[in-house]
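[1] sequence first, predicted model second:
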Amino acid sequence: ALHRDDGRASSARAAAARAGFWLARCEQARPPTLRVPPAAAELTPREREIALMAASGLSSREIAERLVVSVRTVNNHLQGAFRKLGVSRRDDLADALAGAAE
């Protein structure tokens, strides 16, 4: 909320995504500081599609070939998804996407 109030929407989304990621692992914990669950990260349809493919184990090159786009385009979409989901590694995508869907 402090990030959002300070006009830092990107930082607010990333913090909310991280909070949701960890909260999902705390077996129904509901801290009093969170009146409602953090909002799911708002991925674009293409970011979600590419993130899901990457989470399933496909490389950027394989994704690019399937979608008929460049590897650079795939990596740009992945970076956007990482930022919005508050993760920095492909290994964390599956859990973060599951948390964003809840």
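    That came through fine.
[2] state the distance from Ser10 to Lys84.
    Using CB to CB, to the nearest Å, Ser10 is found at 8 Å from Lys84. Quick note: C-beta positions are derived from backbone N, CA and C, even for glycine.
[3] more crowded one of these two?
    Lys84 (23 against 10; other CB atoms under 10 Å).
[4] thought that one was touching Arg18?
    No - using CB atoms under 8 Å, Lys84 is not in contact with Arg18, being 11.1 Å away.
[5] could you pull out the helices for this structure?
    When assigned using DSSP state H, the helices of the chain occupy the ranges 2-5, 9-23, 45-55, 60-67, 71-85, 93-101.
[6] can you list those in JSON lines and add mean pLDDT?
    Below are the helices of the chain laid out as JSON lines (pLDDT from 0 to 100):
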{"stretch": "helix 2-5", "mean pLDDT": "80"}
{"stretch": "helix 9-23", "mean pLDDT": "75"}
{"stretch": "helix 45-55", "mean pLDDT": "92"}
{"stretch": "helix 60-67", "mean pLDDT": "97"}
{"stretch": "helix 71-85", "mean pLDDT": "93"}
{"stretch": "helix 93-101", "mean pLDDT": "74"}
